[in-house]
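Student: okay, structure incoming, though there's no sequence with it:
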């Protein structure tokens, strides 16, 4: 058994970060996914700044709405995971912004 590998596929497999795990290109869905994730993180961070409550509420609400549409048209699991993380972060950021004054 010397020199014989029991699992040769484990040696040559490399994991790569991709949103297209199905092998098909999805440029619009990937753009919506990235917008939702990054926008959600921004809305979350802005939600802690009291003086930016209007910006945080607007961004948070926009990201939640775009994220819900992105979730509807998503194609892969990786897209759905990032979309939900972005929606949750945007929702919390919008909630914090509304607590600090919202649109008013």
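Tutor: Right, received. Where do you want to start? Here the structure is a predicted model, which means the values were calculated and not measured.

Student: burial count for the nearest residue to residue 49 once chain neighbours are set aside?
Tutor: Spatial nearest neighbour of residue 49, excluding adjacent residues (CB to CB, 6 or more residues apart in numbering): residue 56 at 7.2 Å. C-betas here are computed from N, CA, C, even on glycine. Residue 56 has 30 neighbouring residues, counting by other CB atoms under 10 Å.

Student: do I have it right that residue 56 meets residue 43?
Tutor: Yes: the criterion here is CB atoms under 8 Å, and residue 56 meets it with residue 43 at 5.9 Å.

Student: okay, and the common contacts of these two?
Tutor: Shared contacts of residue 56 and residue 43 (CB atoms under 8 Å, 6 or more residues apart in numbering): 93, 94, 97.

Student: could you flag which of those residues are buried?
Tutor: Among these, those classed as buried by 16 or more other CB atoms under 10 Å are 93, 94, 97.

Student: which of those residues fall in strands?
Tutor: Judged by DSSP state E, strands contain none of those.

Student: point out the ones among the residues you listed that are inside helices.
Tutor: Among these, the members found in helices (DSSP state H) are 93, 94, 97.

Student: what would the residues you listed look like in TSV with pLDDT and distance to residue 35?
Tutor: Formatted as TSV, these follow (pLDDT from 0 to 100; distance: CB to CB, whole Å):
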residue	pLDDT	distance to residue 35
93	97	15
94	97	16
97	96	18
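
Student: contacts only, for residue 45.
Tutor: residue 93.

Student: just checking, next helix/strand downstream of the strand or helix carrying it?
Tutor: In the assignment (DSSP states H and E), residue 45 maps to helix 27-46. Once the chain leaves helix 27-46, the next helix or strand it forms, by DSSP H and E, is helix 53-73.
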